[in-house]
Every structure is written in structure tokens, then in C-alpha cells.
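Enquirer: Fold the following.
(one chain, ligands or ions: 1)
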Amino acid sequence: MSDPTIIDGKKVSKQVQEQAAQRVEKIKQATGVTPCLVTVLVGSDPASITYTQMKRKRCEAVGMKSMKVELPTETTTDQLLAKIKELGDDPAIHGILLQHPVPSQIDERAAFEAIPASKDVDGVTIASFGAMAFDLPGFGCATPAGICDLIDAYDIDCTGKHAVVIGRSPILGKPMAMMLLARHATVTICHSRTVDLPSVVKQGDIVVAAVGIPNFVKGDWLKEGAIVLDAGYNPGNVGDCDYESCFPKSSMITPVPGGVGPTTIAALINQTSIGAARQLGLDPNNL
Ligand SMILES: Nc1nc(=O)c2c([nH]1)NC[C@@H]1CN(c3ccc(C(=O)N[C@@H](CCC(=O)O)C(=O)O)cc3)C=[N+]21
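Expert: Below you'll find the model as predicted:
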């Protein structure tokens, strides 16, 4: 077997952000308004601080504004809902990102649902999930949407292929499965309670790892020539796939860092520019 293609997430994210930058420029010309994303962070997890910083930086790199809201670890659900509602009602804000995870006393689902669908540029609400699952217009969940950008950029044909998604979280595994289904893959979702996980993964022509366990997926679980998309973001920038053993078994593979992570942010930025256009009465497809 020849060496696998290493999927370049940085390159794809630059292309997606370039499209967003052009749209932002046209929005500014047509309306005089600068699109704005607000990041909401509850608590002080160092990785979450870094991620939200990266999101704001990339936002500004494409000519948009960013704002940050930081709330203390002991914030209650009601306090967070009140804050998100205030941001939702502010016409100067076009996108709201609530960084996951929130501290355990907070009802995260209720907090996500407080984001108006029009500003849910991170695609975390039930409305966004439902629209995506029914192939209706709306915002895709950022990480799986970023993975789809990689699939498209590398001309990966999902039709009829067996895609195995490891993980079933509401903002990663579950929406990923629906997006692969929309691309005509045969989809299996497996998870921590799946019996004989390696033998299920072995069926995958495309394997998406989204479990949150460092180096979990081993090369000998993979079908020869599998396409490996690693959505893991464990401490220290370690993915969910054991890269060293997965690399020689795969035909294409995403590295960590430099794979899925950058396209997650690019999807968020791009969707913010699209959301802003819509909120300002412009057709994002004609910009
Ligand atoms: N509401 C919400 N939406 C999210 O999309 C969301 C979230 N919460 N919580 C946490 C996860 C994680 N996540 C990452 C984004 C970028 C990188 C990324 O760009 N990582 C770089 C390396 C990091 C670095 O350079 O420091 C890379 O993979 O190349 C990683 C992880 C978004 N998430």
C-alpha cells in the first residue's frame, strides 16, 4: 500500500475562511454593518479559554467583530439563560457561541436552546439539528460541518460507503451521522457500550472518531484503506485515534493537530458571516 493522504485541515480552513472574508466585505459595503460573533464561556477551563480565543481571533481575521462574555464557574442556569437572552435580543450581535462543556450545575441543553435559531451559528440547538436532519436550510453543527468541508475538499465520495461514527454526543457524533446519511453513506453509530467495537469499526470505509478518549482507535481495528477522520480534542492536542498505528492502515487520515480542529472554527466563522447576511436582509448566496 502507498502512503495515505494526510488531510490538511489548515489549508481547507483557509479556503473556507477566504469565502467568509469575501462575504463579510460585501456585507459591510452593502449595509455598513460589521458582523459580530459573541463567545460565551462559563468557568475557567484553560483549554476552553484557548479555544474561544482562537475563535475570536479567526473571526477578526476575516473582518468581523468579536465579543467575549465570561461568567464565573458558579453561574446558575437562570443567570446564563438571562445572559444568552440578552445577547439574542441585541441586534448588533449576529452569532452566539456557548462553549461546551459548561459546569455541571448548569442545564447545558436549556442554555443552548436559549440561543435564537437565527444566531445559532455553531449549530447546537434542537432547531438546527432538526433542520439539518431534514435537509432544510440552517446552520450545521460546527465540528461535523467542518468534517464535511474536509470530505468535500478531498472529493471523498460517501455514496454507498459504510461510515462508522464512534460516539453519539448531541454536538458531534449524532449530527455527524445525519450529515453522512445525507451524503448517502450507510451509517453505523457505535459508542462505549457497543459490544466488540473493533469488529464494528473494521466495517468502516470511513471512520469518524468522536469519543474523547486519547489514542483510543487502534490501527488493527481498521479495514485496509479506511478513511480516518479524527474529531478528538483531548488535553495536549491528542486525538482519539492512535495515529502511528492508524496511519499505515488508512488511505486518508486527519492529523491532530492540523486536521478537524481548524475546520471546526472555519465552519463557525463561515456560518457567522452567512447568519449576519440573513439578519441584515441580504441573500448569502448572492454575496
Ligand atoms: N459549543 C461548542 N462548539 C464547538 O465547536 C466546541 C465546543 N463547544 N467545545 C470544545 C470543542 C473543541 N473544539 C475545537 C476547535 C478547534 C480546535 C483546534 O483548532 N485545534 C488545533 C490545535 C489547538 C491549538 O493550536 O492550540 C488543531 O487541531 O490544529 C480544537 C477543538 C470546538 N469545540
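
Enquirer: going forward, measure contacts and count neighbours with C-alpha atoms only.
Expert: Noted.

Enquirer: hey, what's the residue nearest to residue 253 when sequence neighbours are not counted bridged with?
Expert: Ranked by C-alpha to C-alpha, 6 or more residues apart in numbering and with sequence neighbours excluded, the top spatial neighbour of residue 253 is residue 228, at 4.7 Å. On the basis of DSSP bridges, residue 228 is bridged to residue 207, residue 253.

Enquirer: and residue 228, what does it touch?
Expert: By C-alpha atoms under 8 Å, 6 or more residues apart in numbering, the contact set of residue 228 is 206, 207, 208, 209, 246, 250, 252, 253, 254.

Enquirer: Is it correct that the second one is in contact with residue 165?
Expert: Pointing back at residue 207 there. Yes: Residue 207 is within contact range of residue 165, at 5.9 Å (criterion: C-alpha atoms under 8 Å).

Enquirer: Buried residues, the longest helix along the chain. List them.
Expert: Across the chain, the longest stretch assigned as helix under DSSP state H is helix 9-31. Applying a neighbour-count criterion of 16 or more other C-alpha atoms under 10 Å, one finds 9-13, 15-18, 20-21, 23-27 buried in helix 9-31.

Enquirer: which among the residues you listed gets closest to residue 200?
Expert: Ranked by distance to residue 200 (C-alpha to C-alpha), the buried residues of helix 9-31 are led by residue 9 at 26.7 Å.

Enquirer: Pretty sure that closest one sits against residue 254.
Expert: Yes: counting by C-alpha under 8 Å, residue 9 does reach residue 254; the two are 7.5 Å apart.

Enquirer: can you list residues touching both of the two?
Expert: residue 260.

Enquirer: Tell me where this structure is predicted with low confidence.
Expert: 1 (pLDDT under 70).

Enquirer: Just the residues contacting stretch 232-249, thanks.
Expert: Identification of contacts with stretch 232-249 by C-alpha under 8 Å, 6+ apart yields 3-4, 47, 209-220, 222-226, 228, 230-231, 253, 255-257, 261.

Enquirer: where does residue 186 fall, phi/psi-wise?
Expert: phi -90, psi 120 (degrees, to the nearest 10).

Enquirer: List the residues that contact it.
Expert: Residues counted as contacts of residue 186 (C-alpha under 8 Å, 6+ apart) are 159, 160, 161, 162, 163, 180.

Enquirer: Are we agreed that the fifth one is in a helix?
Expert: Think residue 163. No: assigned with DSSP: H, G, I helix; E, B strand; the rest coil, residue 163 falls outside any helix and is strand.

Enquirer: Looks like it contacts residue 187 (just checking).
Expert: Yes: the pair residue 163 and residue 187 qualifies as a contact (C-alpha under 8 Å) at a distance of 4.9 Å.

Enquirer: Can you pull the residues of the stretch 101-250 of the chain lying near the ligand?
Expert: Residues of the stretch 101-250 of the chain lying close to the ligand (C-alpha under 6 Å from any ligand atom) are 122, 142, 143, 233, 237.

Enquirer: Could you check how far residue 125 is from residue 114?
Expert: Distance from residue 125 to residue 114, counting by C-alpha to C-alpha, to the nearest Å: 9 Å.

Enquirer: now the strands for this protein?
Expert: 5-6, 36-42, 65-71, 95-98, 162-166, 186-190, 206-209, 226-230, 250-253 (DSSP state E).

Enquirer: I'd like to know which elements the first one is packed against.
Expert: In other words, strand 5-6. If contacts are counted by 3 or more C-alpha pairs under 8 Å, 6 or more residues apart in numbering; DSSP states H and E, strand 5-6 sits against strand 250-253.

Enquirer: Would you mark the buried spots in the strand it packs on?
Expert: In terms of neighbour count (16+ other C-alpha under 10 Å), strand 250-253 has its buried residues at 250, 251, 252, 253.
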